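A.B. asks: Below: sequence and its predicted model.
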Amino acid sequence: MAIIILASMLVAASFYGITAREGNITSNDDFFTTSINGEPIIDVEKWTLTVNGTVGDVLVLDYQDVLDLEKVTALATQRCVTGPSDTASWTGVKVSELLRMAGPDPEAREVVFVCADGYTTSLTLDEIEGSGAWLAYEMNGEVLPVQHRFPLRLVVPDFWGYKWAKWVVAMVVIDYDYQGYWEERGWSDDASINTYSDWTVHAALLTSAAIIGGYVAIGGLGASRTSRWAKKVPKFFQGPYHAPLGMLYYLLVLIVFAWWAFQTYDLRGAVLYSFHGRMAALTIIVATAGAVSGLYLRKWPDRHRWWHSMLNDAGYLMILITIVLGLQLAFLQ
């Protein structure tokens, strides 16, 4: 019983820890990194940034040319779809300023960011203007470290991390819809982060489900006719709320999974690609069986009590495991 209470408290604390983490600057050494082909070797003396495509003037800028442009410095949080999230202070040049210098044609629609490692992604002109995207060459007051994509990387506030192109070597202005490296593999072309796609909402619902589930689990022990723990359960947990809170717990778990599955499929083009997702799906199956057994228990109180208890305890344990796996995705990079 103490373990269930402690687990619920840890879940709530973890949720607040995740939300508090955003806004706190992460050191360059601790900031998470991802790549598709490892780190390319770049000679900054030979490196150039090209801006071409449907533009009036093609730009070819060397590193010093970029440094000489008007700069902007601001905090921004990079958030990976799979979990990791870190914040840094980024200094660089506005993408809109580079576009102004190149002069996009009237029919221009998107900008493709081409990277030295073969990675590509794109943003519409409206997304660039709305997000205030910039190409950063400094991170937390230091020259952009090699492991963080020196000499230039894209910073796009309020967009998922796969739009934060790294080792940028070219910006190609186009008049059609482009599918980049992850987008052509099923990931959403719209990577903006909003209330409905924000994983903190998912974490809040899952936290609520875990806390209510802990109350229900303890109440179930108190209602048991055979458990040696029955007489030790405080009366606070033994009120008439076990059944309605149990259904609320089940509905919350179902809503959390449906929310997560919809958003994950929209962003990733897949759902059960991780152990976290497969465990979540298994949890729904067991929780559903537990809810059904609860309905049978009301008609046959002695025949299905053991199954009801076993299924619900197993489902609650799976919820906690699923949460731990989610936290692992968020914190282990």
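C.D. replies: On my side now, so go ahead.
A.B. asks: Regarding this protein, what is its longest strand?
C.D. replies: The single longest strand within the chain, with elements called by DSSP state E, is strand 85-94.
A.B. asks: Just the buried positions in it, please.
C.D. replies: Ser85, Asp86, Thr87, Ala88, Trp90, Thr91, Gly92, Val93, Lys94 (16 or more other C-beta atoms under 10 Å). From N, CA and C alone the C-beta is placed, and that goes for glycine too.
A.B. asks: which two in these are spaced the farthest apart?
C.D. replies: Spatial extent of the buried residues of strand 85-94 (C-beta to C-beta) is set by the pair Ser85 and Val93 at 24.9 Å.
A.B. asks: Now do the same for Ala230: its pLDDT.
C.D. replies: If you check Ala230, the pLDDT there is 52.
A.B. asks: Then Gly103?
C.D. replies: 97.
A.B. asks: same check, this time on Asp57
C.D. replies: On the pLDDT scale, Asp57 gets 96.
A.B. asks: dump the residue contacts of it.
C.D. replies: Taking C-beta atoms under 8 Å, 6 or more residues apart in numbering, we find Asp57 in contact with Met101, Ala102, Gly103.
A.B. asks: go with 6 Å
C.D. replies: Counting by C-beta atoms under 6 Å, 6 or more residues apart in numbering, Asp57 touches Ala102, Gly103.
A.B. asks: Tell me how far it lies from Leu248.
C.D. replies: 62 Å (C-beta to C-beta, to the nearest Å).
A.B. asks: Repeat that for Ala203.
C.D. replies: Distance of Ala203 to Leu248, computed by C-beta to C-beta: 18 Å.
A.B. asks: Pick out whichever of these two has more residues nearby.
C.D. replies: Ala203 (21 against 16; other C-beta atoms under 10 Å).
A.B. asks: relative orientation of the host helix or strand of the more buried one and strand 85-94 in degrees?
C.D. replies: Using DSSP states H and E, Ala203 falls within helix 199-223. Helix 199-223 runs at 170 degrees relative to strand 85-94, counting by axes from the mean of the first three to the mean of the last three C-alpha atoms, to 10 degrees.
A.B. asks: Packing partners of helix 199-223?
C.D. replies: Judged by 3 or more C-beta pairs under 6 Å, 6 or more residues apart in numbering; DSSP states H and E, the packing partners of helix 199-223 are helix 2-21, helix 242-268, helix 305-331.
A.B. asks: ok, the closest residue in space to Cys115 that isn't next to it in sequence - contacts?
C.D. replies: Setting aside the residues directly before and after it, Cys115 is nearest to Trp167 in space (C-beta to C-beta, 6 or more residues apart in numbering), at 4.7 Å. Residues in contact with Trp167, defined by C-beta under 6 Å, 6+ apart, are Pro40, Cys115, Ala116, Asp117, Arg149.
A.B. asks: Contacts made by stretch 105-124 with the rest, please.
C.D. replies: So stretch 105-124 is in contact with 36-37, 40, 42, 54, 154, 163, 165-175, 178, 180-181, going by C-beta under 6 Å, 6+ apart.
A.B. asks: let's see it at 7 Å
C.D. replies: Residues from elsewhere that reach stretch 105-124, judged by C-beta atoms under 7 Å, 6 or more residues apart in numbering: 35-37, 40, 42, 54-56, 125, 128, 133, 154, 156, 162-163, 165-178, 180-181, 183.
A.B. asks: quick one: Tyr119 from Asp175, how far?
C.D. replies: Tyr119 is 22 Å from Asp175, by C-beta to C-beta.
A.B. asks: Compare those two and say which is more crowded by neighbours.
C.D. replies: Using other C-beta under 10 Å as the criterion, Tyr119 and Asp175 rank with Tyr119 on top: 20 against 13.
A.B. asks: Do you know the pLDDT at that one?
C.D. replies: 95.
A.B. asks: Can you tell me what sits against stretch 35-44?
C.D. replies: Tyr63, Ala116, Asp117, Gly118, Tyr119, Val146, Gln147, Pro151, Trp167, Tyr181.
A.B. asks: Could I get the CA-only coordinates of that stretch as PDB?
C.D. replies: What follows is stretch 35-44, C-alpha atoms only, in PDB (Å, rounded to 0.1, in the frame of the first residue of the first chain):
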ATOM      1  CA  SER A  35      21.900  12.700 -35.900                       C
ATOM      2  CA  ILE A  36      21.200  10.400 -38.900                       C
ATOM      3  CA  ASN A  37      24.800   9.700 -40.000                       C
ATOM      4  CA  GLY A  38      27.100  10.800 -37.200                       C
ATOM      5  CA  GLU A  39      29.100  14.000 -37.300                       C
ATOM      6  CA  PRO A  40      30.400  15.200 -40.700                       C
ATOM      7  CA  ILE A  41      33.900  16.700 -40.800                       C
ATOM      8  CA  ILE A  42      33.600  20.400 -41.700                       C
ATOM      9  CA  ASP A  43      36.500  22.700 -42.500                       C
ATOM     10  CA  VAL A  44      35.100  26.200 -41.600                       C
END
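A.B. asks: Just the buried positions in it, please.
C.D. replies: Here stretch 35-44 shows Ile42 as buried, counting by 16+ other C-beta under 10 Å.
A.B. asks: Report the distance from it to the chain centre.
C.D. replies: 25 Å (C-alpha atoms, centre = their mean, to the nearest Å).
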